[in-house]
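1. Fold the stuff below for me.
(chains A and B)
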Protein chains: 2
Amino acid sequence: MQHSTIIAFDADDTLWHNEPYFEEAQDKFCRLFEGYTSKQDLLQLLLQHQVNNLPLYGFGIKAFVLSMIESGLELTHQQLSGEAIDKIIQIGKDLLQKPVELLPEVESVLQSLHGKYRLVVATKGDLKDQHRKLHDSGIGHYFHHIEVMSDKTELDYEKMLKRLDIQPENFVMIGNSLKSDVLPVLNIGGTGIHIPYQTTWEYERIDFEIQHPKFKALQSITELQQLF
Amino acid sequence: MQHSTIIAFDADDTLWHNEPYFEEAQDKFCRLFEGYTSKQDLLQLLLQHQVNNLPLYGFGIKAFVLSMIESGLELTHQQLSGEAIDKIIQIGKDLLQKPVELLPEVESVLQSLHGKYRLVVATKGDLKDQHRKLHDSGIGHYFHHIEVMSDKTELDYEKMLKRLDIQPENFVMIGNSLKSDVLPVLNIGGTGIHIPYQTTWEYERIDFEIQHPKFKALQSITELQQLF
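-> Sure thing, here's the model as predicted:
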């Protein structure tokens, strides 16, 4: 690896905890509709609205809130109380103010890579929210560039690489999602490194194994120090 | 001006029409609450929610929808029907699918500047939505870089200039908002060019005149061709 290499990190559930906050938010949402349907069915309905809304809303907490409201409307045949709507909006506002808790050893790994490689954050989600989290995380200064992406398809990565003026051979992407952080990067000729998080959003799951010369599966972020 | 100059354009109401769509959306929103209060008071309530929500939500259509819902809840003391909520959500979805209509002469001006300067789009709003609009506009290929900003403060411009690796002396920002496109840019040492649009969102209005050696006020985008 040379100095010209860019190492890009996904943010949510790669640098800091995120999915547990969403699961807590979903639990609160489900409690608003106890008696209507099973938790499992409600979460399925919510996921369906989230996925249907992706082309218009993209990723992030505001899209999540709007999809919760839509799911509540559908479930109750539009007999949703103003009080319930208010609570859903508050679930979103709480999410937008959660403390940023770094995953173990993230900072020491960034310290050891900093200066040797150009480090980038490449994340999906709400622009404002991701900037806020990076600021609150206290690790913003390790990064050369922050890219909040509207999606993580091959085309999105290609555009980012063009903007960063770097060839795929010199691009390494690290993240907890095989679907978003690894597969599209391998497909455009980059290196994809998977570090699993304790839990994965259903939308990000894939049900096959990846065999690829530029794919690496690690157990923990500290293993990056042996690689780089 | 040299080739190293970056000319950045605001997007909404500078490259394409936007505010009339928002005003149409606000009209639809107000019609949902006829009889509750005057249109003027309702729009004031909405603006207040939008401004209060800026630190958490930022700019863009999803934030606008959530603020409409909040305003409706407040106005009706939470006695907002599911049907009204559904209509508000639909107002947002309609906005997210509006055709992109370029302002007159935009493309010919871009054509004449393209190749001589690095052209950038610097816009606020939802990430996905702004990318969609730039794509639909058919003018994306004139631009070296697209920056969707979570806000347009001096600090936001400074960060962008650092990322673009350019000094403020070589940075020109063009837009319809004195508050967002001109003042912060002048304050960090860049050139700010104002091109008014037929109507301005109340939040973007300022009530003083700008006198600054690096400030230029144009009547139309075609006047850029005399300047550059």
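2. Please name every helix or strand in contact with the biggest helix by length in chain A.
-> If you go by DSSP state H, chain A has its longest helix at helix A:39-57. Using 3 or more Cβ pairs under 8 Å, 6 or more residues apart in numbering or on different chains; DSSP states H and E, the elements in contact with helix A:39-57 are helix A:19-31, helix A:61-75. Using the backbone N, CA and C atoms, a C-beta is placed for each residue, glycine as well.
3. Take the ones you listed and lay them out in a markdown table including mean pLDDT, distance to A:K116 and mean neighbour count.
-> Output for these, formatted as a markdown table (pLDDT from 0 to 100; distance: least, Cβ to Cβ, whole Å; neighbours: other Cβ atoms under 10 Å in any protein chain shown):
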| stretch | mean pLDDT | distance to A:K116 | mean neighbour count |
| --- | --- | --- | --- |
| helix A:19-31 | 97 | 30 | 16 |
| helix A:61-75 | 98 | 34 | 23 |
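4. distance of A:V106 from A:V121?
-> 12 Å (Cβ to Cβ, to the nearest Å).
5. any idea how chain A splits into domains?
-> A:6-16+A:100-227, A:19-95 (automatic domain parsing).
6. Turn these into a markdown table, including distance to B:Y57.
-> Converted to a markdown table, those look like this (distance: least, Cβ to Cβ, whole Å):
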| stretch | distance to B:Y57 |
| --- | --- |
| domain A:6-16+A:100-227 | 7 |
| domain A:19-95 | 6 |
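7. if we can go back for a sec, looking at A:V106 and A:V121 now, which is surrounded by more residues?
-> Set A:V106 next to A:V121 and count neighbours by other Cβ atoms under 10 Å in any protein chain shown: A:V121 wins out with 23 against 18.
8. quick one: secondary structure of the nearest residue to the more buried one once chain neighbours are set aside?
-> In space, and not counting its chain neighbours, A:V121 is closest to A:I146: 4.8 Å by Cβ to Cβ, 6 or more residues apart in numbering or on different chains. Look at A:I146: counting by DSSP: H, G, I helix; E, B strand; the rest coil, its state is strand.
9. who touches A:I146 in this structure?
-> A:120-121, A:123, A:130-131, A:134, A:140 (Cβ atoms under 8 Å, 6 or more residues apart in numbering or on different chains).
10. Specify which member of the residues you listed is nearest to chain B.
-> Proximity of the contacts of A:I146 to chain B (Cβ to the nearest Cβ) peaks at A:H131, which lies at 5.2 Å.
11. Now tell me what touches the helix or strand that the closest one is a member of from outside.
-> Using DSSP states H and E, A:H131 sits in helix A:127-137. By Cβ under 8 Å, 6+ apart, the residues outside helix A:127-137 that reach it are A:11, A:15-16, A:60-61, A:96, A:99-100, A:102, A:121, A:123, A:140, A:143, A:146, A:148, B:56-58, B:126-127, B:148-151.
12. Run the angle between whichever strand in chain A runs longest and helix B:127-137 for me.
-> Across chain A, the longest stretch assigned as strand under DSSP state E is strand A:118-124. In terms of direction (axes from the mean of the first three to the mean of the last three Cα atoms, to 10 degrees), strand A:118-124 departs from helix B:127-137 by 90 degrees.
13. Give the rounded mean pLDDT of strand A:118-124.
-> What strand A:118-124 shows for mean pLDDT is 96.
14. where does chain A have low pLDDT?
-> A:1-3 (pLDDT under 70).
15. Tell me how far the residue in it sticking out farthest from the centre lies from B:H212.
-> Of all residues in chain A, A:Q79 has its C-alpha farthest from the mean position, at 32.9 Å, by Cα atoms, centre = their mean. To B:H212, A:Q79 is 57 Å away according to Cβ to Cβ.
16. for A:L127, same thing?
-> A:L127 is 29 Å from B:H212, by Cβ to Cβ.
17. Of the contacts of A:I146, grab the buried ones for PyMOL.
-> Buried subset of these, written as a PyMOL selection, criterion 16 or more other Cβ atoms under 10 Å in any protein chain shown:
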select buried, chain A and resi 120+121+123+130+131+134
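18. Please report how far A:L178 lies from A:V51.
-> 18 Å.
19. Mind checking which of these two has more residues around it?
-> Each of A:L178 and A:V51 has its neighbours counted (other Cβ under 10 Å); A:L178 has more, 21 against 12.
20. Name the nearest residue to that one, ignoring sequence neighbours.
-> Going by Cβ to Cβ, 6+ apart, A:L178 has A:I206 as its nearest residue, at 5.3 Å.
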